[in-house]
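**Student:** build the 3D model from these lines:
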Amino acid sequence: MAATTSRPTGPAHPAGRGSAPAAPTPGAADGPRQGRGRRLLLGLLAGVAAAVTGYVGVSMLVADRLTKPYRRPLASSPAVFDLRYEDVTFGSMVDGTTLRGWFLPVEASDRAVVIVHGRSSSRTGDNGELVAHAAALVDSGYNVLLFDFRAHGLSEGTRYTLGADEQGDVLGAVAYLEGRGFAPGRLGFWAHSMGAATVLLAAAASPDVRAIVADSSFARLNDLLARELPRESGLPRFFNPAILFFGRERYGLDTRILNPVEAVAGLPPRSLFIVHAEADRLIPVDHARRIAAAAGPAVYDLWIFPGSNHDRVSAAAPEQYRARALAFFDETLN
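**Tutor:** Residues are numbered from 1 along each chain as shown. Predicted structure coming up:
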């Protein structure tokens, strides 16, 4: 009988050794992925927060700078032209801010002209040109008041509002002259750039503001800032809304209401002489044309000077410029 053989089965393997891996517990593999997702989300949120903080911070910084003009020193004096003058002070009608200026008297004259400067300038103008205007007026028989806007020249204040509070400064000048006995119908205004816009705005608020030479005014401030603010700040245009918001909420600069084009329709006939340089690179000449169209019969003349630059017609053609301004005042304040 043949011997019967059997295959050795070998020793049993230890548990788990050489066997198929056990199935993972549900959710165990998701842990690392969920951790990475949370980290990505937190990183994204941190980036967004940093971007928003930067956007807000930069916008506030620019709004702060926008409302602080350069305080230019006085560039001349009436004494240069051997003119008599008085140092005067009066309060703004909006908040009492003390404003300083010069009054140049002319004996036996009941007519007076207020000379109003532009942004970051002073009662003298950048180069003394406004004192030369005053000398021409005095020679023609007009009393003259030159003054510094708030936060300009020697007047009080640290901030300006591009025409909002400055309307009160202009009305303070009117009250000062009326206090000296000048009748409202005997007052004229020779105004430049921001000063011109301010006087046009003040004319809508007071019937005492008439007979205006408006040199280089903007029509709507927001239209101007949409183009100029990115260029001046060096920031993309999408910063504009935040800059203007903080300017309005923190510093009282409400650009939405500064629209001289809406203020001129009620002026009397032939009471507005508009001057603008055709090549003005700061305030395009279209602003002057829009103001003239809105003013209608109030326009005495619209003088678009060929070439030149912003508020520089008086430098390009000083004799012609002053002669035309004086002819306007002679007709409207006769």
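**Student:** the nearest residue to R71 once chain neighbours are set aside and R119, how far apart?
**Tutor:** Leaving aside its chain neighbours, R71 sits nearest to H152 (6.4 Å; criterion: Cβ to Cβ, 6 or more residues apart in numbering). Just so you know, the C-beta spots here come from the backbone N, C-alpha and C atoms, and that holds for glycine as well. Distance, H152 to R119, using Cβ to Cβ, to the nearest Å: 8 Å.
**Student:** mutual contacts of those two, please.
**Tutor:** Shared contacts of H152 and R119, defined by Cβ atoms under 8 Å, 6 or more residues apart in numbering, comprise P69, Y160.
**Student:** please say which of those two ends up with more neighbours.
**Tutor:** Shown here are H152 and R119; by other Cβ atoms under 10 Å, H152 has more neighbours (27 against 21).
**Student:** on that earlier part again, surely the residue nearest to R71 meets S122?
**Tutor:** Yes. At 5.6 Å, H152 and S122 qualify as touching, with contact defined as Cβ atoms under 8 Å.
**Student:** mutual contacts of those two, please.
**Tutor:** R72.
**Student:** which SS class is V113?
**Tutor:** With DSSP: H, G, I helix; E, B strand; the rest coil as the basis, V113 sits in strand.
**Student:** re the thing from before, any idea how far A136 is from the residue nearest to R71?
**Tutor:** 23 Å.
**Student:** same check on S233?
**Tutor:** 38 Å.
**Student:** right, and the helix or strand after the lowest-mean-pLDDT helix or strand in the chain?
**Tutor:** The weakest-scoring helix or strand in the chain, judged by mean pLDDT, DSSP states H and E, is helix 30-66 (a mean of 82). Where DSSP states H and E defines the elements, the next helix or strand beyond helix 30-66 is strand 86-91.
**Student:** okay, now the unreliable bits of the protein?
**Tutor:** 1-31 (pLDDT under 70).
**Student:** report the central residue of it.
**Tutor:** L162 (4.4 Å; Cα atoms, centre = their mean).
**Student:** how long is stretch 153-171 end to end?
**Tutor:** 18 Å (Cα to Cα, to the nearest Å).
**Student:** next: stretch 244-259.
**Tutor:** For stretch 244-259, the end-to-end distance is 15 Å (Cα to Cα).
**Student:** same deal with stretch 263-278?
**Tutor:** 23 Å.
**Student:** then stretch 302-312?
**Tutor:** 16 Å.
**Student:** tell me how far it lies from the chain's centre.
**Tutor:** Relative to the chain's own centre, stretch 302-312 is displaced by 21 Å; criterion: Cα atoms, centre = their mean, to the nearest Å.
**Student:** residues in contact with it?
**Tutor:** For stretch 302-312, contacts defined as Cβ under 8 Å, 6+ apart pick out 118, 192-193, 215-216, 273-283, 285, 288-289, 292, 313, 315-317, 324.
**Student:** strands of the protein, start to end?
**Tutor:** Along the chain, the segments classed as strands by DSSP state E run 86-91, 98-104, 112-116, 143-147, 187-192, 212-215, 272-277, 299-305.
**Student:** which one of those strands lies nearest to G37?
**Tutor:** Among those, the nearest to G37 by Cβ to Cβ is strand 272-277 (60.6 Å).
**Student:** and the closest one, what does it pack onto?
**Tutor:** On a contact count with 3 or more Cβ pairs under 8 Å, 6 or more residues apart in numbering; DSSP states H and E, strand 272-277 meets strand 212-215, helix 286-295, strand 299-305, helix 313-316, helix 318-332.
**Student:** that's all I had, so thanks and see you.
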